[in-house]
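**Q** Output the structure for:
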Amino acid sequence: MSEAGEPQAASQEAEHHEVIIVGGGMVGAALATLLGQAGVEVALVDARPGMLDAEAVGRGLPARRVSALTPVSRRLLTRLGAWEWMAARRVSPYRGMRVWDAEGSGEVGFTADQAGVEALGHIVENDVTLAALERRLAALPAVRLCLGACVEGLASLGMEREVVLGDGRRLAAPLVVAADGARSPLRELAGIAVDEHDTGHVGLVTTVRVARPHGGVARQAFLPTGPLAFLPLAVEGDQHHCSIVWSTSPAEAERLAGLSREALGQALAAAIDHRLGAVTVLDTAVGFPLFQRHAERYTLPGFALVGDAAHGIHPLAGQGVNLGLMDAAVLAEELLAARRRGVSPGEARVLARYARRRRGDNAAMLALMDGFRLLFGARHPALALARNLGLGGVDRLVPLKRLLMRQAIGERGRLPASCR
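**A** Residues are numbered from 1 along each chain as shown. Down below sits the predicted model:
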């Protein structure tokens, strides 16, 4: 991997690549790795001033921001040569899941054995995943990393797209991919509109220690104000740590964030019926507003969206980064197939195949999660009864549970080869 040099004059000739990826988070880095290891000349642009310190991540207190990676995402990261390093640092498998309605008696449980997998997933700090991917990128000569660079312009020049950076550098390629997050400046420059609505929730995240071992079980309680998840963390073999994601109203999130750590721990323990005993808060609780977003289209000639730039989902099922990694895997598969045929990566037909394969699956998952959010947020007694009967019914119907679990672990539709 080569790194861009000193800022150059705006009048310089554009630097040409096969693909330009803007956004070096987990999804952008995964796409760059998939393409770079196949020899595609990639420029990866990110505003961050430098790569993560790989020696520091996955050490000490777990970071607040984590993702629940599915077995399908694990297979992809294994193919990318990242998983082994991640596992040596810190990944926390969970083999069970318990979901219940805090206002009733409805409860459902899932196990890895019922799903026919080794683990339902792994809770992994985002920095651990990203650092592992950056290590892989560093070994790929086809990838050029442009750090500390903000995109200020996007233009179409014949058969290529040109990206203008804040320091005057110009990059050109047949395809530009926006992987620059939910508020994607590049998506806005491309003129792609987004269907967006406020979920009415703020996600509060922190890390805690619990009195009773979590046993590798993820727990989620649907409270009147929103879902609360206790995600199991394995810290040097100790099963007493959890990552917290509490989705609640803005006013309640502000109140909770203003509590002392002792008081917040007491609130967390009470919210899950003291199932894990006393809760000790280990880090500051940080909140972020939760929006559901879906781009009106994923592609234009020579341009594509992936990850949060294309879609944003409520975190109650932990599917966000998994959907983004699947975007990267499918787009890479279509681009590499086109390359073998001698077809430009920016061809509309190539990008249309990517959009067809991903948009429907993403839309279905967004609709499902929004439906769950609305159902469990409803206070009407009839809906509360339906929720409880529904959870109890699912828990007793093993074939239905198995179907739901296969969906949750990412086994949906035609998977790209890198994820099988």
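
**Q** How about Leu171: what's its closest non-neighbour residue?
**A** Setting aside the residues directly before and after it, Leu171 is nearest to Val163 in space (Cβ to Cβ, 6 or more residues apart in numbering), at 4.7 Å. From N, CA and C alone the C-beta is placed, and that goes for glycine too.

**Q** Show me where the stretch 51-200 of the chain has its strands.
**A** Under the criterion DSSP state E, counting those that start in this stretch, strands of the stretch 51-200 of the chain are mapped to 66-69, 92-94, 96-101, 107-111, 121-125, 143-147, 151-157, 160-165, 170-173, 175-178, 194-210.

**Q** contact partners of the second one?
**A** It stands for strand 92-94. With contacts defined as Cβ atoms under 8 Å, 6 or more residues apart in numbering, strand 92-94 is touched by 68, 118-124, 216-218, 231-234.

**Q** how about the helices in the chain?
**A** For the chain, the helices defined by DSSP state H occupy 26-36, 71-79, 83-89, 112-115, 126-137, 185-190, 250-257, 261-271, 320-340, 348-377, 381-396, 398-408.

**Q** Let me know which of the ones you listed is the nearest to Val279.
**A** Among the helices of the chain, helix 261-271 comes nearest to Val279, with 4.3 Å by Cβ to Cβ.

**Q** Spit out the contact partners of Asp327.
**A** Asp327 makes contacts with Val27, Val306, Gly307, Ala310, Arg358, Asn362, as judged by Cβ under 8 Å, 6+ apart.

**Q** Identify the residue nearest the second one in space, chain neighbours excluded?
**A** Closest residue to Val306 apart from its sequence neighbours, by Cβ to Cβ, 6+ apart: Asp327 at 4.1 Å.

**Q** Next: the first one.
**A** Once its chain neighbours are removed from consideration, Val27 has its nearest residue in Gly307; the separation is 3.4 Å (Cβ to Cβ, 6+ apart).

**Q** what's the burial count for the one you found?
**A** For Gly307, the count of nearby residues is 29 (other Cβ atoms under 10 Å).

**Q** That one and Ile313: what is the separation?
**A** According to Cβ to Cβ, to the nearest Å, Gly307 and Ile313 sit 11 Å apart.

**Q** Can you check which residues contact both of those two?
**A** When contacts are counted by Cβ under 8 Å, 6+ apart, Gly307 and Ile313 are jointly contacted by Leu323.

**Q** Could you check how many residues crowd around Gly106?
**A** 22.

**Q** Distance of it relative to Leu223?
**A** Per Cβ to Cβ, Gly106 is found 13 Å from Leu223.

**Q** Same question for Tyr94.
**A** Distance of Tyr94 to Leu223, computed by Cβ to Cβ: 21 Å.

**Q** out of these two, which sits in the more crowded spot?
**A** Relative neighbour count places Tyr94 above the other of Tyr94 and Leu223, with 23 against 19, counting by other Cβ under 10 Å.

**Q** Tell me what the more buried one is bridged to.
**A** With DSSP bridges applied, Tyr94 shows beta-bridge pairing to Gly121.

**Q** Leu305 now?
**A** Going by DSSP bridges, Leu305 forms beta bridges with Ala178.

**Q** contacting residues for the spatially most central residue of the chain?
**A** Centroid-nearest residue in the chain: Val321, 1.5 Å away (criterion: Cα atoms, centre = their mean). The contact partners of Val321, by Cβ under 8 Å, 6+ apart, come to Met26, Val27, Ser67, Leu69, Ser73, Asn126, Thr129, Gly307.

**Q** For the nearest residue to the fourth one once chain neighbours are set aside, grab the count of nearby residues.
**A** For Leu69, ignoring the flanking residues on the chain, the nearest one in space by Cβ to Cβ, 6+ apart is His122 at 5.0 Å. His122 has 25 neighbouring residues, counting by other Cβ under 10 Å.

**Q** low-confidence ranges in this protein?
**A** Within the chain, the ranges that satisfy pLDDT under 70 run 1-11, 104-105, 316-318, 369-405, 407.

**Q** give me that answer again for 50
**A** Per-residue confidence for the chain (pLDDT under 50) gives these ranges: 2-10, 375, 378, 380-389, 393-394, 397, 400.

**Q** Let me see the contact set for Gly302.
**A** Here Gly302 is in contact with Ser156, Met159, Glu160, Arg161, Pro174, Leu175, Val176, Gly346 (Cβ under 8 Å, 6+ apart).

**Q** Which of those are buried? Put it as a PyMOL command.
**A** To isolate the buried members of the contacts of Gly302 in PyMOL, using 16 or more other Cβ atoms under 10 Å:
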select buried, resi 160+161+174+175+176+346
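
**Q** can you put the contacts of Gly302 in TSV and add distance to Leu290?
**A** TSV is the format used below for the contacts of Gly302 (distance: Cβ to Cβ, whole Å):
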residue	distance to Leu290
Ser156	35
Met159	40
Glu160	37
Arg161	32
Pro174	36
Leu175	31
Val176	28
Gly346	34
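
**Q** and the helices of the chain, which is most packed in?
**A** Ranked by average neighbour count under the criterion mean count of other Cβ atoms under 10 Å, the helices of the chain are headed by helix 26-36 at a mean of 29.

**Q** where's that one relative to the chain centroid, distance-wise?
**A** Relative to the centre of its chain, helix 26-36 is centred 14 Å away, using Cα atoms, centre = their mean, to the nearest Å.

**Q** Equivalent analysis for stretch 172-191, please.
**A** The answer for stretch 172-191 is 18 Å, by Cα atoms, centre = their mean.

**Q** Offset the numbering so it begins at 222, please.
**A** Got it, first residue is 222 now, which makes that one stretch 393-412.

**Q** before we move on, the earlier item: make sure the residue nearest to Leu290 is actually in contact with Val293.
**A** No - the pair His343 / Val293 is not scored as a contact, 11.7 Å apart, by Cβ atoms under 8 Å.

**Q** Look at stretch 554-569 and report the distance between its end residues.
**A** For stretch 554-569, the first-to-last residue distance is 15 Å (Cα to Cα, to the nearest Å).

**Q** swap in stretch 236-247?
**A** For stretch 236-247, the separation between the terminal residues is 25 Å (Cα to Cα).
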